[in-house]
Every structure is written in structure tokens, then in C-alpha cells.
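Q: just the structure for this:
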Amino acid sequence: MAETSARRIRINNPDLSQSEKSSLNADYATGSTTLTVISNFGFQDNDYAVVGEPGTEKAEASDITGTTGNITINISATLKFNHSTGTPIYRSEYNQVEVSKMPSGGAWSVLDTVGIKWDNHETIYIDQGGVNADSYRFRFKNSVSGNTSEYGPTITGAGFSKNQVGRMVENVRDTVRDPNRKIVSDNEIIRFLTQAKNIIRAKRRDWYFWEKEDLGSITTIASTRKYDLDDISTRIDSIRDIRYRDTTISPVKLYQIEWFPRVQFDKTKQDESETSSDTIGIYTVLPPDSSSDSGYIEIDPSPLTTSGGSFYVRYFEYDADFEDVADTTSIPFPHILEDYAISKCEEIKGNDARAKLYRNLFDPVEKVGNRNDRRKLTGVALLEQMQRDQNRPSSQPKSIRKFIGRNPVDRTYRRRLTTNRDQLVEDYFDPQRGIL
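A: Numbers count the residues shown, from 1 in each chain. Presented below is the predicted three-dimensional model:
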């Protein structure tokens, strides 16, 4: 018999916590198409009345055909269950979920449209025959008006990867024993994960896992010193270094330019009569403002030629704030973010001991005595150790060059175009070794 496969698609129901809400002012008996409520304000034709607390047994919905006076809501069909006075009633724009599928190399098509399961916090759809390579997305739909929501995030048949927010949310819920979202919402957990990311970001601005390189997005403009880093990324935390590729000379040169602090940089450009040149020597970094999220670089001297050169920038780009389950993190150990979110959830539950335990796993209070005892390394301390390991070559000497020349920084950054092999040996490296 041929094997079959299936994929289980879990869809979070619409969050009605911010929607219009009322409650029954008289018992409801199945068979009736009217609901007597405290107030019908905010409920209108083609909306859906969700009777009962979403996620609880016997919660159900029917579309609204109109209202009478101030205390009556008319519905198109009788409800399945009786409901007592005081039962909450919520307004919902949607009553269905439209599930779409895209096979690998194929196009999107609607797989099915199913009713929202109001007696649960999520609606589950089973795709018989689905495989890991398939992609799925969904949106909510009003079967009366035909209105739809925006599509939710795209997920694969393989489920969430370990660095996706969706997987982290699932892991947090498993740990705090809140699978049905009775304690915290997904949005709250996502907010806690973002807070953890921001704490890690605040620890240092040069985490190795956020390092990136841009090869020439910014090119020179004649007589222009200031360039917007947003042209590379709007989330630049800091600059590691900048190289300049000068195409006005032959052969083309690619060399480091030197960073100067603001005061020192201002000193070098105080001569307003300085002539322009395509041999760029130094730069400084200017802070963000209302026009730029990442800030600017300012160079000296001002370029002589438009597009005469380009900047190769190594920089650190932090993760964007998490917004939905499809977002990802570059942090190599996502469980660190989970530990922080778990601690916040345990605070909400009132379990201070577990909250402290997981907060300490996220950011250990005790110092690690032996750097080789990795059993004690958790959370931010583990990232710090990884950072130190990343900065140290494995199974190689720290350097094969001995930097011994006179005025080494000046020669490295400012007089690069006139150097040759013999000068490099004389100025920078140990001639007895003969190493270049």
C-alpha cells in the first residue's frame, strides 16, 4: 500500500480582545434568532456575533442581520446551544479561514475554506498529501460580505525552523503549560522575545552574528563629504571598518580608510580651501536623525569625481523587532530568547521562583570562573564566550606578520598608493623572516 503524508496547519483565531463586546441580558434558548443584550452598540449587519468566550466550550457564532432598538441583535440562524444571562458576546468581522497552498515550483491556489473553530483558540486544517516542500498561507473571510483580511505569514510543510519566532512561541507555551493561550497571547510572547533581543543588543554593538558587509552600494559624488548609511541598511548599529575602491587610477586600488573621532576629524577639515581628491583618507560616523535611521559617514577629502570610487562597509545589523511567527533571528541560540520570554510568562502566572530561574538562565548573575567549563555557560554569558571564540583563529597563530615600521598607521591608511613590495617589507614586516 502506498504511503501517504499529511500536514497539520495550525491557524490562530482572530483576536477579539479589542473588538466590540456586550453580554446577554436574558437567557438564550436554541431555536431563537434574537439575542437580548445589555447594548447592541457597535454591532451591525454582516458582522458575526460570537456568543461565549472564545476558546471555551460551546462558544459559537452567527451572522448579524440587523439590530432592534438598543438591546436586540438579530441573527440569521439559530445557535446550537443554550446560553445563560451574562454570557459575553463579541463582534467579529470574519467567520471563515481560507487556506492556500503553493507546491515547490508551482503557484498559489486555494486549498479550502473552513469555518473558524470558536470553541478553541486555533483552527486546525489537515492537508492530506502535503509535503515538506509545500508552502501554506491563510486569510480570514466573511462568507456573507466576501471581505477578507490580509494574508498571514507563509509557512512551509516542514513547519517552523528553530530560529523562527513561531517555533520559539511554541517552545515557550510548552514550557509554561499554556497551549490554549489562556495565560498570555502570542503577541505578548513575541513582545517578550523582542525585549530579549534588545537586551542582547544593548550588551555590545559588535556581536559576530550580526556582522555583514556591503560591497559598493554607496558611491562617491563630486564635492560631497556626507553619505547616508540607510542606502545600505536602516538597522546599522555600528561600523567595523570601511574600505575604499578607487576606480580613477590604474590599476584599481582597494584600501582601508581610517576612522577618526568627530573632534579629530573636524580638525583635519578645518581648512576650507582644501582641494578635492579621489584619494579618500579618513572618515567619521555621524549619528541618526529624522532623515536617517542608521546615520551617516563623512569623508575627507571631498571627492573630485562622481562615481570615481565606492565604499566597502563592514557593519553590524541587528535583528528587526519581531512582529509575526514567520520572523527569524540571527542569534545562534534562540533558546536564550525563549528563557527570557518564559521568565516573563512565569511572572504573569505569579510563579516568582521559576521566573527568577529562567531570568538567570537568560542573563546569569554568577560569574563563570573557568572559561572552559561550558556547563555553566548559559544565556548572554554563552554568547559572550562564543564572541571570544569567534575572534580567535582556530589552530593557527594569531598573526603571521610582525608590524614594526615607523609611522605604521599613517603609512597603512594615508600613503597606500606609493607603496611597493620592498617598501612593505622595510616598513611593516620583519625582513629576517621574509614574510609578506
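Q: contacts, neighbours, all on C-alpha from now
A: Will do.
Q: domain ranges for the protein?
A: Per the record's domain assignment (automatic domain parsing), the chain is made up of the domains 1-158, 160-392, 398-436.
Q: dump the ones you listed into a markdown table; add mean neighbour count and mean pLDDT as well.
A: Written out in a markdown table, the entries for the domains of the chain read as follows (neighbours: other CA atoms under 10 Å; pLDDT from 0 to 100):
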| stretch | mean neighbour count | mean pLDDT |
| --- | --- | --- |
| domain 1-158 | 17 | 93 |
| domain 160-392 | 17 | 92 |
| domain 398-436 | 13 | 53 |
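Q: which residues are contacting stretch 331-350?
A: Stretch 331-350 is contacted from outside by 162-163, 168-169, 171-172, 175-176, 183-184, 189, 192-193, 196-197, 209-210, 352, 354-359, 361-362, 378-380, using CA atoms under 8 Å, 6 or more residues apart in numbering.
Q: one more: stretch 76-83?
A: Counting contacts by CA under 8 Å, 6+ apart, the residues outside stretch 76-83 that touch it are 27-33, 52, 58, 60-65.
Q: the stretch 251-400 of the chain: helices as residue ranges?
A: Along the stretch 251-400 of the chain, the stretches classed as helices by DSSP state H, counting those that start in this stretch are 262-268, 335-349, 352-362, 379-390.
Q: once you drop chain neighbours, what's closest to Ile297?
A: Of all residues beyond its chain neighbours, the one nearest Ile297 is Val285 (4.6 Å), with distances taken as CA to CA, 6 or more residues apart in numbering.
Q: and what of Ala158?
A: Setting aside the residues directly before and after it, Ala158 is nearest to Asn132 in space (CA to CA, 6+ apart), at 4.3 Å.
Q: verify the contact between Ala6 and Asp134 for me.
A: No - using CA atoms under 8 Å, Ala6 is not in contact with Asp134, being 11.0 Å away.
Q: so Asp47 touches Ile64, yeah?
A: Yes - under the contact definition of CA under 8 Å, Asp47 touches Ile64, with a separation of 5.5 Å.
Q: list the residues that contact both of those two?
A: Looking at what touches both Asp47 and Ile64 (by CA under 8 Å, 6+ apart), there is no common residue.
Q: which helix or strand contains Phe192?
A: Assignment of secondary structure by DSSP states H and E places Phe192 within helix 186-203.
Q: ok, the strand ranked longest in the chain: who's next to it in the sheet?
A: Longest strand of the chain, by residue count under DSSP state E: strand 236-246. The partner list of strand 236-246 in its sheet, established with DSSP bridges, is strand 253-259 (antiparallel), strand 309-317 (antiparallel).
Q: can you list the residues that contact the longest one?
A: Same thing as strand 309-317. For strand 309-317, contacts defined as CA under 8 Å, 6+ apart pick out 205-208, 210-220, 233, 235-248, 278.
Q: gap between that strand and the chain center?
A: Relative to the centre of its chain, strand 309-317 is centred 22 Å away, using CA atoms, centre = their mean, to the nearest Å.
Q: what do you get for the shortest one?
A: With CA atoms, centre = their mean as the basis, the distance from the averaged C-alpha position of strand 253-259 to the chain average is 32 Å.
Q: and that strand, C-alpha only, in CSV?
A: Output in CSV follows, covering the C-alpha atoms of strand 253-259 (Å, rounded to 0.1, in the frame of the first residue of the first chain):
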residue,chain,number,x,y,z
LYS,A,253,43.1,50.1,-5.8
LEU,A,254,41.0,48.8,-2.8
TYR,A,255,42.3,50.0,0.5
GLN,A,256,41.3,50.8,4.1
ILE,A,257,40.4,54.3,5.1
GLU,A,258,40.9,55.4,8.7
TRP,A,259,38.2,56.2,11.2
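Q: ok so, going back, list of residues touching the longest strand of the chain?
A: Applying CA under 8 Å, 6+ apart, the set of residues contacting strand 236-246 from outside is 205-206, 229, 252-259, 278-280, 294, 308-318.
Q: again, 6 Å this time
A: 252-257, 294, 309-317 (CA atoms under 6 Å, 6 or more residues apart in numbering).
Q: with respect to Val110, which of those residues is nearest?
A: Top of the list for closeness to Val110, among the contacts of strand 236-246 and by CA to CA, is Glu317 at 37.2 Å.
Q: what bridges to that closest one?
A: Note on Glu317: beta-bridge partners by DSSP bridges are Ile236.
Q: what separation do you get for the closest residue to Tyr244 other than its chain neighbours and Ile336?
A: Here the nearest residue to Tyr244 in space, its sequence neighbours aside, is Phe311; by CA to CA, 6+ apart that works out to 4.8 Å. Noted for Phe311: a distance of 35 Å to Ile336, by CA to CA, to the nearest Å.
Q: over to Ile239?
A: Where Ile336 is concerned, Ile239 sits at a distance of 26 Å (CA to CA).
Q: residue contacts, Lys141?
A: Contacts for Lys141 (CA under 6 Å, 6+ apart) come out as Tyr94, Gln96, Val97, Asn147, Thr148.
Q: grab the nearest non-local neighbour of it.
A: For Lys141, the nearest residue in space outside its immediate sequence neighbours is Thr148; the separation is 4.3 Å by CA to CA, 6+ apart.
Q: distance check, that neighbour against Pro14.
A: When distances are taken as CA to CA, Thr148 and Pro14 turn out to be 12 Å apart.
Q: repeat that for Ala77.
A: When CA to CA is applied, the distance between Ala77 and Pro14 equals 22 Å.
Q: each with direction, which strands does the helix or strand encompassing Ser217 pair with?
A: Per DSSP H and E, Ser217 falls inside strand 211-219. Listed by DSSP bridges, the sheet partners of strand 211-219 and their directions read strand 309-317 (antiparallel).
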